[in-house]
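A.B. asks: just coords:
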């Protein structure tokens, strides 16, 4: 139970917050105005060098690395001085930026988290409908430029139609595929027909009129979990991030009494 | 309290750095898609995409106001409904099959960072002013970015914004997270998400921009960063691309665009230094840039009436854009046109090939949007604008544009944008990228016409009765291919099928360019198929106009004219042995209303008569060319040329 709670991103968020608080309480001011030492560790220098290398595809020269370091120091000095002067207070942009970062922190754990198979399956059970495929159809079609010609041909056993660069036979495809090739008007018309071995129609399309032999119509299926696992995970992630942010905020929000005068 | 904030933000920044670790895309999604799906024997249908889309990561797009990022862009392209920055809900009528998010590599994410930066931290006075303008109002924000683009064009970008080293850390984090996101949305067989960026070379404001597009997933693309380029050289970009391919084993290509705004610099006869073009330069250009973008929101670059006076359909999407370079800091003079438009570039390529033995401008064609709204909209009745300031609202059609203000470019000069069609055997990164490499792609100005083109020596009318697609692939070459000159006139199988949810077709044309025996570059447009209509006389040429059913006030048209499909078996009547030539197909729809007339209806605008007439348009498709190449002698000898 406790282990599960520890895995909960919300718990991470709270622990991170508590830890920060602890550090603050113990260490006091992290940037002591009296402390005028700036330390640039070897690791940080290596990071600056690597950054340069990954952009320019070569290592920096000593002069270039010196310039990087100088720039870093300059920013650090100005940054510390700004904090000493309290320039961060009352800045609406900084205020919003930090609020955004709090939001991101709440979601960050979820971005990295590897959901368990059970979590995903549960999500899939609750939201499986969203993954339902369209109806699957098998059909043949022949094309006529005019409605009259199509109706006249309906009496024939195997109507010929006029040439057009569309597939004569379509097997095991869904409505979206049909719509992409034949247009929305045809896709709608086709799905109003019942499956039958006989020629039916005419069904209008953006091209003209079609006689159709719709031999199979199968209800859409909710694909098995394994087939849509990645989509489930992606959707789980984006939805969970949203929920976590909301929950984290609510937790913090509940600790405040807001008075609007 | 203030120190608490400092520590908190430092801690959060650290946790932010680790978010780029890929963790959830499957191996199939992370790679180039090879062996993930069943492939057709031959490319069986065109896959539709946009290779040129900007999100809030782009310096200018953010400044123009967009607040939607790459994830929303991907969801939208896949067909989901999203909320545009200005609050309207937005959805594509039909989803796209692939997308290249091409945010500017220069100062990637920098305007967002500038916008977010505490004011006192912005030391450069120009940057501080831009930052203030971005916060003041959407109009001021748009103005700030127009200033930024002009400054970039003039080489006056403040040092703080352009220094690649200083931007590198921010870019690294952004790029890693971005690549991870792309992998998660990349679903072989359903939707392809390509990594890419826009490289924004712009000497003197002349547009030499390229979209760079990778074939690979994050395992390889994560090895590099987008290459910055405002003041670089194109050979530097190719060096970068070569380094990527050599060090990762991946593949990458570049797509030049908006040559119409380059003032003749995109397709020069000379090398980049002004001297003679070298064979090496020509070879590298052809190898790295197999495709160009022929049409997009900022105009159409097929050809200009000045260059093609005998082409009655020349000049589509030229108005406004022909006046000058991108920021209109330099006006265009007619001598510049030949280096700015695609047909003349293809001709220059033939001439250069005769001199150098290699054609630098043997490229295919695609369309795209270049939308800066994160919304890849290409349809006239669903146009979300060039940038967020031009999302649907009352005044956008008649306003002066952000660029070239008061110089004669207005909102209504924007086109609704185009799309790229790729003939591929399946929807994966590898299949679609490879279609671009072999130029088996075509451009449309938005509608999804299905266009097939095969060239061979023995096609006949009877081929249409059988499996003509198989015949095309086995006995000829598809669009983008090269046909050997055997001494017989080439014959083409051409089929153009209308967009099933769009307008009928007016006609199909073949555009031929060649270099004659005297070395003169020539062009001719042939009508090869057209819908039924009253003909003027005995001659087929010129084919009279198809008519016009557009109701200007209601923004409607009727499919009572035009054809559903047009086919042609066409043999070049002017073929001469030994002449280098290219052939591409142009398909015209019947006249339809542009986005401006839909806007007029929606917002009750009173438009001037000339604006109304300019916005009854014939949308079109351009195939990639097929080239007729002199026959190679046995062995590795020089091409055989007819004497005299």
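C.D. replies: Perfect, thanks for sending it. Remember, predicted model here, so these are calculated numbers, not experimental data. Numbers count the residues shown, from 1 in each chain, chains lettered A, B, ... in the order given.

A.B. asks: start and end of stretch A:193-200, how far apart?
C.D. replies: End-to-end distance of stretch A:193-200: 8 Å, with C-alpha to C-alpha, to the nearest Å as the criterion.

A.B. asks: over to stretch B:457-476?
C.D. replies: Stretch B:457-476 end-to-end distance (C-alpha to C-alpha) = 7 Å.

A.B. asks: and chain A, is it touching that?
C.D. replies: Yes - applying C-beta under 8 Å from any C-beta of the partner chain, one finds stretch B:457-476 in contact with chain A at residue B:464. In short, each C-beta sits where N, CA and C put it, glycine included.

A.B. asks: what does that stretch contact?
C.D. replies: Under the criterion C-beta atoms under 8 Å, 6 or more residues apart in numbering or on different chains, residues A:163, B:42, B:44, B:452, B:454-456, B:478, B:483, B:486, B:488, B:490-493, B:495, B:567, B:569 lie in contact with stretch B:457-476.

A.B. asks: and if we set it to 6 Å?
C.D. replies: Outside stretch B:457-476, the residues that touch it by C-beta atoms under 6 Å, 6 or more residues apart in numbering or on different chains are B:42, B:454-456, B:486, B:488, B:491, B:493, B:569.

A.B. asks: buried ones among those?
C.D. replies: Among the contacts of stretch B:457-476, those buried by neighbour count (16 or more other C-beta atoms under 10 Å in any protein chain shown) are B:454-456, B:491, B:493, B:569.

A.B. asks: and the furthest pair within those residues?
C.D. replies: Spatial extent of the buried ones among the contacts of stretch B:457-476 (C-beta to C-beta) is set by the pair B:455 and B:569 at 11.5 Å.

A.B. asks: in the stretch 51-200 of chain A, mark out all the helices, start to finish.
C.D. replies: For the stretch 51-200 of chain A, applying DSSP state H, counting those that start in this stretch gives helices covering A:62-85, A:92-112, A:117-127, A:147-153, A:175-182, A:184-190.

A.B. asks: okay, and which of the buried ones among the contacts of stretch B:457-476 map to helices?
C.D. replies: Of these, none are assigned to helices by DSSP state H.

A.B. asks: between these, which sits nearest residue B:331?
C.D. replies: Closest to residue B:331, out of all of these and judged by C-beta to C-beta, is residue B:455, at 40.1 Å.

A.B. asks: now the closest residue to chain B within the stretch 101-250 of chain A: how far from residue B:333?
C.D. replies: For the stretch 101-250 of chain A and chain B, the shortest gap (C-beta to the nearest C-beta) falls at residue A:183, measuring 2.6 Å. Residue A:183 sits at a distance of 46 Å from residue B:333 (criterion: C-beta to C-beta, to the nearest Å).

A.B. asks: these two: who's more crowded?
C.D. replies: residue A:183 (22 against 10; other C-beta atoms under 10 Å in any protein chain shown).

A.B. asks: ok, now how distant is the residue nearest to residue B:478 when sequence neighbours are not counted from chain A?
C.D. replies: Leaving aside its chain neighbours, residue B:478 sits nearest to residue B:440 (5.3 Å; criterion: C-beta to C-beta, 6 or more residues apart in numbering or on different chains). Look at residue B:440 and chain A: by C-beta to the nearest C-beta, to the nearest Å, they are 17 Å apart.

A.B. asks: isn't residue B:440 up against residue B:423?
C.D. replies: Yes - Residue B:440 is in contact with residue B:423 according to C-beta atoms under 6 Å; the separation is 4.4 Å.

A.B. asks: so the residue in chain B positioned nearest to chain A: helix, strand or coil?
C.D. replies: Using C-beta to the nearest C-beta, residue B:500 is the residue of chain B that sits closest to chain A, at 2.6 Å. Put simply, residue B:500 is coil when judged by DSSP: H, G, I helix; E, B strand; the rest coil.

A.B. asks: tell me how many other residues surround it.
C.D. replies: 23.

A.B. asks: who's in contact with it?
C.D. replies: Residue B:500 makes contact with A:182-183, A:206, according to C-beta under 6 Å, 6+ apart.

A.B. asks: how about it, nearest residue that isn't a chain neighbour?
C.D. replies: Distance criterion C-beta to C-beta, 6+ apart; nearest residue to residue B:500, sequence neighbours excluded, is residue A:183 at 2.6 Å.

A.B. asks: distance from the chain centre to stretch B:414-428, please.
C.D. replies: 9 Å (C-alpha atoms, centre = their mean, to the nearest Å).

A.B. asks: got it, and stretch B:455-471?
C.D. replies: Stretch B:455-471 sits 31 Å away from the centroid of its parent chain (C-alpha atoms, centre = their mean).

A.B. asks: in the stretch 201-350 of chain B, where is pLDDT below threshold?
C.D. replies: Applying pLDDT under 70 to the stretch 201-350 of chain B picks out residues B:230-231.
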